[in-house]
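Peer 1: Below is the sequence, then the predicted model.
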Amino acid sequence: MATMEIFVGLSLHLRNEINWQSPKMKSVKSNIEQLQNNIPHSVKVVAVSKTKPVDLIMEAYEAGQRIFGENRVQELISKHPAMPEDIEWHMIGHLQSKKVKLLAPFISLIHSVDTLKLLGVIQAEALKAKRKIGILLQVHIAEEENKYGFSHEEIRDFFMEEKNLEYPDVNFKGLMGMASYTEDREQIRSEFNSLSQLFKEIRIQNFDKTDQFTELSMGMSGDYQLAVDEGSTMIRVGTLIFGGR
């Protein structure tokens, strides 16, 4: 009997420990509040709501969250009409050119612009929609070859040659990058630092004394603190708000 009591007690202790550590066991509101307490007020939080139902997203909305990010176009356009109109919807996943027209009428910011072809399609669809579309140019900073994005040199050449002027209906808001999937924190920090330096360089040389090119989107649930330390102005966080999928 004593052995059974010890086993039950230990099981309850472990379960309580797991509940305390797991974001999904807390309320969405408390998760958001805790996250906001860990970052400067100037850093924007994109709540990554992919695969999450509307009622759970509404919990975040009612807690004051207004920026939500989705990875898939179809999921985004299905949630958009079901949610309040003052939400800023961000497309954070890889975007196919043929699907830009579905987002053009309402999207606030596209994080994942990784080719000139895609940029040209966004310009064309923005013109049709009669509105400017905000975008971030995605830069490849990770070791993994399967990640998308422009090289540092391509970004420098793009702005040095003032190619951005060829897209009058595109609002160039800044840069985005994803660090390597690794446990090496110093490598992640180095990758974030390289992107931050590039962002500052382009901003000073091309957008000095303007209110454009102000956003540097880098950092997710597992590495957002390193990203903020290196100058991120926008983090993309899902698990820490909604719990694991």
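Peer 2: Arrived safely.
Peer 1: residue ranges of the strands in the chain, please?
Peer 2: 44-48, 67-70, 88-91, 109-113, 133-139, 170-177, 215-217, 234-237 (DSSP state E).
Peer 1: Out of the ones you listed, the one nearest Phe158 is which?
Peer 2: strand 133-139 (7.7 Å; CB to CB). Heads up, the C-betas are built off the backbone N, CA and C, glycines and all.
Peer 1: per-residue confidence averaged over that closest one?
Peer 2: The average of the pLDDT scores along strand 133-139 is 98.
Peer 1: what is the orientation angle of that strand with strand 170-177?
Peer 2: 30 degrees (axes from the mean of the first three to the mean of the last three CA atoms, to 10 degrees).
Peer 1: i'd like the first residue to be 41 from this point on
Peer 2: In the new count, where the first residue is 41, that last one comes out as strand 173-179.
Peer 1: Determine the set of other helices and strands touching strand 173-179.
Peer 2: On a contact count with 3 or more CB pairs under 8 Å, 6 or more residues apart in numbering; DSSP states H and E, strand 173-179 meets strand 149-153, helix 156-169, helix 192-200, strand 210-217.
Peer 1: go with 10 Å
Peer 2: If contacts are counted by 3 or more CB pairs under 10 Å, 6 or more residues apart in numbering; DSSP states H and E, strand 173-179 sits against strand 128-131, strand 149-153, helix 156-169, helix 192-200, strand 210-217, helix 225-246, strand 255-257.
Peer 1: if we can go back for a sec, can you redo the strands of the chain as JSON lines with mean neighbour count and distance to Glu73?
Peer 2: Formatted as JSON lines, those follow (neighbours: other CB atoms under 10 Å; distance: least, CB to CB, whole Å):
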{"stretch": "strand 84-88", "mean neighbour count": "23", "distance to Glu73": "11"}
{"stretch": "strand 107-110", "mean neighbour count": "23", "distance to Glu73": "16"}
{"stretch": "strand 128-131", "mean neighbour count": "22", "distance to Glu73": "20"}
{"stretch": "strand 149-153", "mean neighbour count": "25", "distance to Glu73": "24"}
{"stretch": "strand 173-179", "mean neighbour count": "24", "distance to Glu73": "27"}
{"stretch": "strand 210-217", "mean neighbour count": "23", "distance to Glu73": "26"}
{"stretch": "strand 255-257", "mean neighbour count": "24", "distance to Glu73": "22"}
{"stretch": "strand 274-277", "mean neighbour count": "24", "distance to Glu73": "13"}
